[in-house]
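> I would like to see how this sequence folds:
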Amino acid sequence: MSQKEIIRTKVKDLLAMSAGQDVLAKGWVRTKRGNKEIAFIALNDGSTIKNIQIVVDKTPETEPILARISTGACIAVKGSLVESIGSGQAVEIKANEIEIYGESDPMRYPLQKKDTSFEYLRTVAHMRPRTNTFGAIYRLRSQMAFAIHEYFHSRGFVYLNTPLITESDAEGAGQMFQVTTLDLNNVPKNKKGLPDYSKDFFGKMTSLTVSGQLEGELGATAVGEIYTFGPTFRAENSNTPRHLAEFWMIEPEMAFYDIKDNMDLAEDFIKSLVKYALDNCRDDIQFLNDRYDDTLIARLEGVIDTEFVRLPYTEGINILKDAIAHGHQFEYPVDWGTDLQSEHERYLVEEHFKKPVILTDYPKDIKAFYMKQNDDGKTVRAMDVLFPKIGEIIGGSEREADLKKLEGRIDELHMKRDNLEWYLDTRRFGSCPHSGFGLGFERLLLFVTGMQNIRDVIPFPRTPKNAEF
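Sure, this is the predicted structure:
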């Protein structure tokens, strides 16, 4: 029977099949071992964390082919699916014919060592998807993206595409990447000697978006409930395990939701995603649990089964101060009015409550202009969902629906009004109570995979001084 008459079967499906069939497998060699009479090849095609074992009898005909096969090589194998005598797999392929698509120089192949460090793998990020670990991470990333769309679609949300190029700084922090077609060696100047952006492509100064929220509010105040899911960009010079310059955000915005509705949705959303991961990605999660963090599955299951704590910021500060009074040491100071650091967030979650916490009612001076002000005049209806090992995983708020209060806050912060008039129109014409939040996709993946560094849950990380590939 010729190779063309057998349809290729993915490794994931081969491992679920019964013995006694002729099959065709294609993939990359993980390992090759054996003795004088027989060779064992572990083949993986990315469809599963598991390999399928190829058994090859060493004969004068097969020896020249086997000599060309090493770790990293790409091959096609036709043979019989048989019951495996060895432990570790139910079936294996008894090879009848092997075709080599691409050889791999064993002296130069960068993934030879079994326990290669994550630091090293980041230097060969183009090759790290070939490892078991990153294959698992990228499959989980894909499954989580699908689960996010499915969650909102099943609840009647509208998927809204917000712009990547914008003139508005949604966060007011000014940490934006500028977009321009001006010749940087000969920038046109205006009468004041400043860059003349009227000569630029868009006729004004533009940047890559830090958030799709403001445009998302336009959608929510028209079609009720929307969500965005796309890349965002922060020119923040932070070389930490939790920051990226380019990352993906999920941002739902909902008309007629108050802060309690917002918290309820955020809690249900993240529990649903974690449950989806456990139900649909068990093999990959089990591998990561066994290899790197044997508390991963217990931690994920714990999130599903527990009710999140709802904690006002002021009470959180008092808990942290009490911890200090009893000898606990933090690197950063704790006082009312300061933004909590990751160490403070993790103390509340991991040591005090031992469960996820939704922190609410932050001081308005440390939060964005668009958050609804409480009656006390000092705090806003913000919410941050804090998770074990991660710290903040979701940030959101009820939005300020009162035009005068919103305008007053913009003036307090000395923000430019000219590029926010379109946003203020949502309060001028039919303003309504509404809320929303943002979930950093890579922060979610850190939690689901148990990885320690955010650069290891995105295929091609963008960080200060690093824009490879």
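> Can you pull the phi/psi pair for V179?
Dihedral pair for V179: phi -110, psi 120, per degrees, to the nearest 10.
> My read is that it contacts K204, right?
No - assessed by C-beta atoms under 8 Å, V179 is found out of contact with K204, at 10.6 Å. (Each C-beta comes from the backbone N, C-alpha and C, glycine too.)
> Looking at those two, which is more packed in?
Neighbours per residue, other C-beta atoms under 10 Å: of V179 and K204, the larger number sits with V179, 18 against 11.
> For the closest residue to that one other than its chain neighbours, give me its contacts.
Closest residue to V179 apart from its sequence neighbours, by C-beta to C-beta, 6 or more residues apart in numbering: T206 at 4.8 Å. Shown in contact with T206 (C-beta atoms under 8 Å, 6 or more residues apart in numbering): I165, T166, E167, Q178, V179, T180, D200.
> Give me the spatial nearest neighbour of A19, chain neighbours excluded.
Excluding the flanking residues, the one nearest A19 by C-beta to C-beta, 6+ apart is E83, at 4.6 Å.
> Could you measure from the one you found over to G20?
9 Å (C-beta to C-beta, to the nearest Å).
> returning to that earlier point: residues contacting the residue nearest to A19?
Here E83 is in contact with A19, A90, V91, E92 (C-beta under 8 Å, 6+ apart).
> Weed out the non-buried ones from those residues.
V91, E92 (16 or more other C-beta atoms under 10 Å).
> Same list (the contacts of E83) but as CSV, adding secondary structure.
Formatted as CSV, these follow (DSSP: H, G, I helix; E, B strand; the rest coil):
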residue, secondary structure
A19, coil
A90, coil
V91, strand
E92, strand
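> Would you mind checking which of the contacts of E83 is nearest to D305?
A90 (32.5 Å; C-beta to C-beta).
> gap between stretch 457-469 and the chain center?
Relative to the centre of its chain, stretch 457-469 is centred 14 Å away, using C-alpha atoms, centre = their mean, to the nearest Å.
> Surely E267 is within a strand?
No - per three-state DSSP, E267 lies outside any strand segment and is helix.
> How about the contacts made by the residue nearest to N44 when sequence neighbours are not counted?
Spatial nearest neighbour of N44, chain neighbours left out: N51 (4.8 Å); criterion: C-beta to C-beta, 6+ apart. Taking C-beta under 8 Å, 6+ apart, we find N51 in contact with V11, R30, A42, L43, N44.
> Next, find the distance separating N51 from G27.
Applying C-beta to C-beta, the value for N51 to G27 is 8 Å.
> Can you check the distance spanned by stretch 101-112, start to finish?
20 Å (C-alpha to C-alpha, to the nearest Å).
> Pull out the buried positions in that stretch.
Quick answer for stretch 101-112 (16+ other C-beta under 10 Å): S104, L111.
> can you check stretch 227-240 too?
Counting neighbours by 16+ other C-beta under 10 Å, one finds that the buried residues in stretch 227-240 are Y227, T228, F229, G230, T232, F233, R234.
> for the residues you listed, which one is nearest A323?
Among the buried residues of stretch 227-240, R234 lies closest to A323 (C-beta to C-beta), at 30.7 Å.
> Let's see which of the contacts of N51 end up in helices.
Among these, the members found in helices (DSSP state H) are V11.
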